[in-house]
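# below are the sequence and a predicted model; questions follow.
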Amino acid sequence: MDTHRHLDDELSSLRDRVLLLGGEAEQALERAMYSLTERDSEVARQVLEHDDRVDHLEVEIDRQCIDIIALRQPAARDLRFVISVAKMAPVLERIADHACNIARAAIDLNNEPELKSVLDLSRMADHALKMLRSSLDAFTSGDAIRAREIIKSDSEINDLYNHTFHRLIELMVTEPATATRDARLLFVAKHLERIGDYVTDICELTVYMAEAAFIKHTT
Amino acid sequence: MPVQTVAPKIEVRERRADNTPPQQETGKTKVAVRDLDFFYGRVQALHSISVEIPERIVMAFIGPSGCGKSTFLRTLNRMNDVIPATRVGGQVLIDERDIYAPGTDVVELRRKVGMVFQKSNPFPKSIFDNVAYGLRINRLTKSNSELAGRVEQALKDAALWNEVKDRLKTSALSLSGGQQQRLCIARALAIRPEVLLMDEPASALDPIATSKIEELIFDLKKQYTIVIVTHNMQQAARVSDTTAFFLLGKLIEVNSTEKMFTAPNEKLTEDYITGRFG
């Protein structure tokens, strides 16, 4: 039947687009962290410049979801997919926004002497990136089991954040001259911790999409 | 003003947009169908159907053409009896009484279980006489004033009164398609049935007339148990509390309408609802 082939095409295009947005968010985070650890402000500026494309993609996805709901009236798994994508797109856009904030912090910090505590943040960022990639894979394959595992792994980012927080506060006390830079790194750590939370949101949406189960606010 | 030392309590209050009291939960089974088989000659059209329909809800039956949903609907007031060489097995209990038991008064049954068809079928009579028809032939009123009152009430219940009150003596055939269908609903309501069967009642109507019928169904469920067959899945989603999916004469799934349209239990249901059937 042609009607459902059209719908399948549209859902497939929507999936491609949200994965593209996911890829953009992932790349923004990776490059922002690179600019911080490698002290490359040019890369940070590229992340900021590229953010318009991310915003544009989010709006496109929004529009596409509304069109599908209005014109195709999806039901059951199709409806759950469209709703999940509609809620996922702003989450991915916010992850990219956090990456931009990290890039801004990198530009500021790169003008100052280097701090060793940046290395702790690399571990957090690696974990956040791993979670983000896995969450997009779980979404693509509709793998609710994997999504649930990723949600559990958010505690590792929280632990790393707590560790980094205490370490940076300690540094502020012991080396007051670095306090401003430590504070900036603290913000970076907070951005990474928030990204972990957003990845959790993505996984909750994947569970909803796959199993029609609402697990938000239940863990 | 005294200083407030106790934090205000968080109260959860139910708010209803229309200020109506919370709906009474009845839960009582109005219609219980058990292992129902139906045959047109040697062709089996329904296979061991079992379903319970609680009172004062709207239950929608969906499924592709020829799946048996209309046949099933007609078994609920024995409308299939008029088709030659048909046979029924199993039970249909209405208020716990088997309507296929020997000695059942079929006229009384159809008074209790009214029906509205896909195509409006007003009699070539006045609007008033159409609605009064069932009351007259069943001698359900004792005076003309009582008859007029019942006709008025039925037209009001069918949301048609305001449109026809000044022309009750004009021909029912002068009404628009949507009005004719509501007139047929009024005609069915006039004899005060307890169950209302609707076989695609809005399939021939434009969106505005359809919307009026749907609003009417929503209002009528406060008083009646409504069973509707529809090809329009959005309509089933809009008007019904419970949805049942038929396929090849079998009842595949019965579920709350919300669940049916967001996360059905059966893959066959999901395939049908998402348009991937076949």
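Ah, there it is. This structure is a prediction, so every number in the text was calculated from the model and none was measured.

# give me the most central residue, chain A.
Taking C-alpha atoms, centre = their mean, the centroid of chain A lies closest to A:Ile95, which sits 3.5 Å from it.

# enumerate the positions of the host helix or strand of that residue that are buried.
Following DSSP states H and E, the helix or strand that holds A:Ile95 is helix A:76-110. The neighbour-count check on helix A:76-110 (16 or more other C-beta atoms under 10 Å in any protein chain shown) flags A:76-107, A:109-110 as buried. (Glycine included, C-beta is placed from N, CA and C.)

# what are the ranges of the strands in the chain?
No chain in the question, so chain A it is. Using DSSP state E, no strands are assigned anywhere in chain A.

# my bad, chain B
Going by DSSP E, chain B shows strands at B:29-40, B:43-54, B:58-62, B:86-94, B:97-98, B:113-116, B:195-199, B:225-229, B:242-247, B:250-256.

# could you report the pLDDT at the closest residue to A:Ala125 other than its chain neighbours?
The shortest distance from A:Ala125 to any non-neighbouring residue, by C-beta to C-beta, 6 or more residues apart in numbering or on different chains, is to A:Met33 (4.3 Å). What the model reports for A:Met33 is a pLDDT of 96.

# give the contact list for A:Met33.
When the contact criterion is C-beta atoms under 8 Å, 6 or more residues apart in numbering or on different chains, the partners of A:Met33 are A:102, A:121-122, A:125, A:129.

# relative to chain B, which of those is nearest.
For the contacts of A:Met33, the closest approach to chain B (C-beta to the nearest C-beta) belongs to A:Leu129, at 32.2 Å.

# for the residue of the stretch 101-250 of chain B found nearest chain A, what are its contacts?
Scanning the stretch 101-250 of chain B for the residue nearest chain A gives B:Gln234, at 5.9 Å (criterion: C-beta to the nearest C-beta). In this structure, B:Gln234 makes contact with A:Gln73, judged by C-beta under 8 Å, 6+ apart.

# just the closest residue of the stretch 151-278 of chain B to chain A, please.
B:Ala263 (3.1 Å).

# I'd say that residue and A:Ala210 touch.
No. Distance between B:Ala263 and A:Ala210: 10.3 Å, which falls outside the contact criterion (C-beta atoms under 8 Å).

# restricting to C-alpha, output stretch A:128-146 in PDB.
Output of stretch A:128-146 as PDB, limited to C-alpha atoms (Å, rounded to 0.1, in the frame of the first residue of the first chain):
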ATOM      1  CA  ALA A 128      30.100  11.100  28.300                       C
ATOM      2  CA  LEU A 129      31.000  10.600  24.600                       C
ATOM      3  CA  LYS A 130      30.900   6.800  25.000                       C
ATOM      4  CA  MET A 131      27.500   7.100  26.600                       C
ATOM      5  CA  LEU A 132      26.300   9.400  23.800                       C
ATOM      6  CA  ARG A 133      27.500   7.100  21.100                       C
ATOM      7  CA  SER A 134      26.000   4.000  22.700                       C
ATOM      8  CA  SER A 135      22.700   5.800  23.300                       C
ATOM      9  CA  LEU A 136      22.400   6.700  19.600                       C
ATOM     10  CA  ASP A 137      23.200   3.100  18.700                       C
ATOM     11  CA  ALA A 138      20.600   1.800  21.200                       C
ATOM     12  CA  PHE A 139      18.100   4.200  19.700                       C
ATOM     13  CA  THR A 140      18.900   3.100  16.100                       C
ATOM     14  CA  SER A 141      18.400  -0.500  16.900                       C
ATOM     15  CA  GLY A 142      15.500   0.100  19.400                       C
ATOM     16  CA  ASP A 143      17.500  -1.800  22.000                       C
ATOM     17  CA  ALA A 144      15.800  -1.100  25.400                       C
ATOM     18  CA  ILE A 145      18.200  -3.400  27.300                       C
ATOM     19  CA  ARG A 146      21.200  -1.500  26.100                       C
END
